[in-house]
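S.K.: Provide a 3D model corresponding to the input given below.
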Amino acid sequence: MSNIADLIEAYILRQLATQQDGKVELRRTDIADEISCAPSQISYVLSTRFTQDKGFVVESRRGLGGFIRIVQVPVKNMVYEDMLAAIKPDTELPVVQSMIKYLLQHEMVTAREASLMMQFVVSIFQSESITDKERVRMLKTMLLTLENFS
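M.R.: You can find the predicted model right below:
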């Protein structure tokens, strides 16, 4: 038999699956009644199994009008968004190269794609005719294209 945390997680995931937008609003009391558990057990599951690094954003309000809002965010999108935010005019080549290595290590790009990206990145950093603003635009365009095709 599953433990109570598994039951709570499964219940929340089922509720999320019924929503097309990947967002659900629940009440602790409804979950507790459905599964016959304490609200503190629900809080434990939310804090350990529905974390940002697992692709969830959780907003919680306690009290009579309280609710739990859970939004499922694809982890890949969060990675690309973080990388896009990190690219600025003063971003240096090794930083961008480490981003590409991260994408490769986490199988978000193939070795061939990473190789092409590395060549492109090195060439735009070495070019004296490309301004910092143009380089930022080119790097962000490359990452946005990857995000849209992954």
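S.K.: now S60: phi and psi?
M.R.: When read as degrees, to the nearest 10, the backbone of S60 gives phi -130, psi 130.
S.K.: isn't it up against I68?
M.R.: Yes - S60 is within contact range of I68, at 5.1 Å (criterion: Cβ atoms under 8 Å). Using the backbone N, CA and C atoms, a C-beta is placed for each residue, glycine as well.
S.K.: pLDDT weak spots in the chain?
M.R.: Judged by pLDDT under 70, the chain has its weakly predicted residues at 1-2, 64-65.
S.K.: ok, 80 please
M.R.: Where the chain drops to pLDDT under 80, the residues are 1-2, 52-53, 55, 62-66, 73-78, 150.
S.K.: how about the strands in it?
M.R.: All strands of the chain, identified by DSSP state E, fall at 23-26, 56-61, 67-72.
S.K.: tabulate those strands (a markdown table), appending mean neighbour count and distance to F149.
M.R.: Formatted as a markdown table, the strands of the chain follow (neighbours: other Cβ atoms under 10 Å; distance: least, Cβ to Cβ, whole Å):
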| stretch | mean neighbour count | distance to F149 |
| --- | --- | --- |
| strand 23-26 | 16 | 25 |
| strand 56-61 | 14 | 24 |
| strand 67-72 | 17 | 21 |
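S.K.: between those, which one is nearest to K140?
M.R.: Taking Cβ to Cβ, strand 56-61 is the member of these nearest to K140, at 23.4 Å.
S.K.: hmm, who's touching the closest one?
M.R.: S43, L46, F50, G66, F67, I68, R69, I70, V71, Q72, V73 (Cβ atoms under 8 Å, 6 or more residues apart in numbering).
S.K.: try 7 Å
M.R.: Contact with strand 56-61 is made by L46, F50, F67, I68, R69, I70, V71, Q72, V73, as judged by Cβ atoms under 7 Å, 6 or more residues apart in numbering.
S.K.: what do you get for stretch 119-133?
M.R.: With contact meaning Cβ under 7 Å, 6+ apart, stretch 119-133 is reached by P89, L93, V96, Q97, I100, R135, M138, M142.
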